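> Any chance you can model this:
(one chain, ligands or ions: 2)
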Amino acid sequence: MLATGFLVLAVLTVRQVVPGRGDVHEIAGHALGTTYSVKLAEPLSSSRGAAVATAIEGRLDEVDELMSTYRPDSELSRFNRHRSTRPYPLSAPTLEVFAVAQDVFERSGGAFDVTVGSLVDAWGFGPGDRSSRPSTPEVAALRSRAGSEPLALDREAGTIRKLAPDVVADLSAVAKGYAVDLVAETLVALGVSSFLVEIGGELRARGWKADGSRWRVGIERPEPAERTVHLALDLADEAIATSGDYRNFREQDGVRLAHIIDPRSGRPVPYAGASVSVVHARAAVADAWATALSVLGPEAGSAVAEREGLAALFILPGSGGYVTRATSAFRAKLGAGTLIER
Ligand code: AMP
Ligand code: MG
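Ligands and ions are numbered 1, 2, ... in the order given. As a prediction, the model looks like this:
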């Protein structure tokens, strides 16, 4: 198993029967500690299929080699072992992911914070196999290492600097989305005009299928044990990412602990059996925001998402079922007739 943060399968594609003209081809496999699927709506010779699959695997391997917290030799792990405040040179992709993270950190008031790495480990969601709960003093000590902008990026120089030497970064909440973007860009470069890329529940679509329809995805109900589609959504040339506590949690002393840490308390966000999905042009940005809004919760999260003009949808347990809470940008998609609520 690789990163727990890579294991949530929050969105599943609705199976479509594509009539007559043209086929949907799927390339699927395992990467980044989860599964991936790439659907292409175009005729595909076996040699072109093999070339496209090789290109996809190359990009996924690249992200794993750079950003996995589970590989001691990844660029991120090496940076985490660099216990110094001297600037550290990073590859362009990792720098880009840190830049997205920094932006969402600032806009979310610190709810999204990749420096929660040590806390993720302490609560048993990291590469270590820790099973005991951290003590209050330990949480306080680890929390003092996170937050308050402890990383400084210099994009011109291609470096990042720790403002405290023992900062440990965890990019799991944004790297999968970034990998989706990389695969999508690779497909465009290869001349593929219609596709749906999915890695561990984060998706990005482009184009139309042969019957003139958009790629339709299903947003699941946040039920731990079941997989029921709550909403179906037609994606234009855009991405959707979902975060929640409902699938990736652990029980400790009878208490459900979510894998998402609130950087303000240093503790897992209270279990709510809820999810939040964000639609954005870039999957990396959608991924980071979905995690940030999970930390903030439906009340504060909706307000921040509205202020930021984000298309966000919360699904929460309500009386006898589920209730949804959508920002106006998300409701605009509903107005366009692309959203079907069940
Ligand atoms: P996601 O499934 O995209 O919501 O990412 C969750 C993963 O991100 C967790 O498993 C942690 O590795 C990491 N993480 C937890 N809390 C935060 C946070 N507040 N900000 C950024 N990353 C986090
Ligand atoms: Mg995320």
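
> Give me the longest helix you can find in the chain.
Using DSSP state H, we find that the single longest helix of the chain is helix 283-307.

> Which strands and helices lie in contact with the very next helix or strand once past that helix?
The element immediately downstream of helix 283-307 (helix or strand, assigned by DSSP states H and E) is strand 311-318. Using 3 or more CB pairs under 8 Å, 6 or more residues apart in numbering; DSSP states H and E as the contact test, the elements touching strand 311-318 are strand 229-235, strand 275-280, helix 283-307, strand 321-326, helix 328-335. For the C-beta atoms, the positions are set from N, CA and C on the backbone; glycine is no exception.

> Next, the buried residues of the last one.
Yep, that's helix 328-335 we're talking about. 329-330, 333-334 (16 or more other CB atoms under 10 Å).

> Disregarding residues adjacent in the polypeptide, which is nearest to Val120?
Gly126 (4.5 Å; CB to CB, 6 or more residues apart in numbering).

> now that neighbour: how far from Asn80?
Distance, Gly126 to Asn80, by CB to CB, to the nearest Å: 11 Å.

> Find the residues that touch each one of those two.
69, 117 (CB atoms under 8 Å, 6 or more residues apart in numbering).

> CSV please, covering the helices and strands packed on strand 311-318 and showing distance to ligand 2 and mean pLDDT.
Converted to CSV, the helices and strands packed on strand 311-318 look like this (distance: least, CB to the ion, whole Å; pLDDT from 0 to 100):
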stretch, distance to ligand 2, mean pLDDT
strand 229-235, 17, 92
strand 275-280, 9, 97
helix 283-307, 4, 97
strand 321-326, 19, 92
helix 328-335, 17, 86
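
> and of the ones you listed, who's closest to Gly200?
Ranking those by distance to Gly200, with CB to CB as the measure, places helix 283-307 first at 9.7 Å.

> Gly126 and Asn80: which is more packed in?
A count of neighbours by other CB atoms under 10 Å puts Gly126 above the other of Gly126 and Asn80, at 23 against 19.

> Does ligand 1 have contacts with stretch 90-99?
No. Looking at stretch 90-99 against ligand 1 by CB under 6 Å from any ligand atom, there are no contacts, and the closest approach is 11.6 Å.

> measure the residue nearest the centre of the chain to Leu32 for me?
In the chain, the residue lying closest to the centroid (CA atoms, centre = their mean) is Asp287, at 3.4 Å. Look at Asp287 and Leu32: by CB to CB, they are 12 Å apart.

> Now do the shared contacts for those two.
In contact with both Asp287 and Leu32: Lys176, using CB under 8 Å, 6+ apart.

> interface residues of this structure facing ligand 1?
4-5, 8, 112-114, 116, 120, 125, 170, 172-173, 243, 259-261, 263, 287, 290-291, 294-295.

> how close does the residue lying closest to Glu26 once chain neighbours are set aside get to Ala205?
Sequence neighbours aside, Lys39 is the residue nearest to Glu26 in space, at 5.1 Å (criterion: CB to CB, 6+ apart). Distance, Lys39 to Ala205, using CB to CB: 9 Å.

> Between the two, point out the one with more neighbours.
Each of Lys39 and Ala205 has its neighbours counted (other CB under 10 Å); Ala205 has more, 25 against 20.

> Tell me which stretches of the stretch 101-250 of the chain form strands.
Listed in chain order, the strands of the stretch 101-250 of the chain (DSSP state E, counting those that start in this stretch) span 151-154, 159-162, 195-199, 202-206, 215-220, 229-235, 239-244, 249-252.

> hmm, the fourth one touching ligand 2?
No. Under the criterion of CB under 5 Å from the ion, strand 202-206 makes no contact with ligand 2; the nearest approach is 7.4 Å.

> how about the closest residue to Thr159 other than its chain neighbours, what does it touch?
Excluding the flanking residues, the one nearest Thr159 by CB to CB, 6+ apart is Pro87, at 3.8 Å. Listed by CB under 8 Å, 6+ apart, the contact set of Pro87 reads 154, 157, 159-161.

> Of those residues, which is the nearest to Val255?
Using CB to CB, these come closest to Val255 at Ile160, 35.6 Å.

> give me the beta-bridge partners of the closest one?
Tyr88, Leu153 (DSSP bridges).

> quick one, what contacts it?
Ile160 neighbours (CB under 8 Å, 6+ apart): 79, 87-88, 90, 95, 98, 151-154.

> mind checking how far the closest residue to ligand 2 within the stretch 101-250 of the chain is from Tyr322?
Residue of the stretch 101-250 of the chain nearest ligand 2, by CB to the ion: Ala173 (3.9 Å). As for Ala173, its distance to Tyr322 is 24 Å (criterion: CB to CB).

> what does Ala236 give?
From Ala236 to Tyr322 the distance is 25 Å (CB to CB).

> And these two? Which one has more around it.
Neighbours per residue (other CB under 10 Å) separate Ala236 from Tyr322, with Tyr322 holding more: 20 against 15.

> per-residue confidence at the spatially closest residue to Glu308 that is not a sequence neighbour?
Nearest residue to Glu308 in three dimensions, chain neighbours excluded: Arg107, at 6.0 Å (CB to CB, 6+ apart). Looking at Arg107, its pLDDT is 97.
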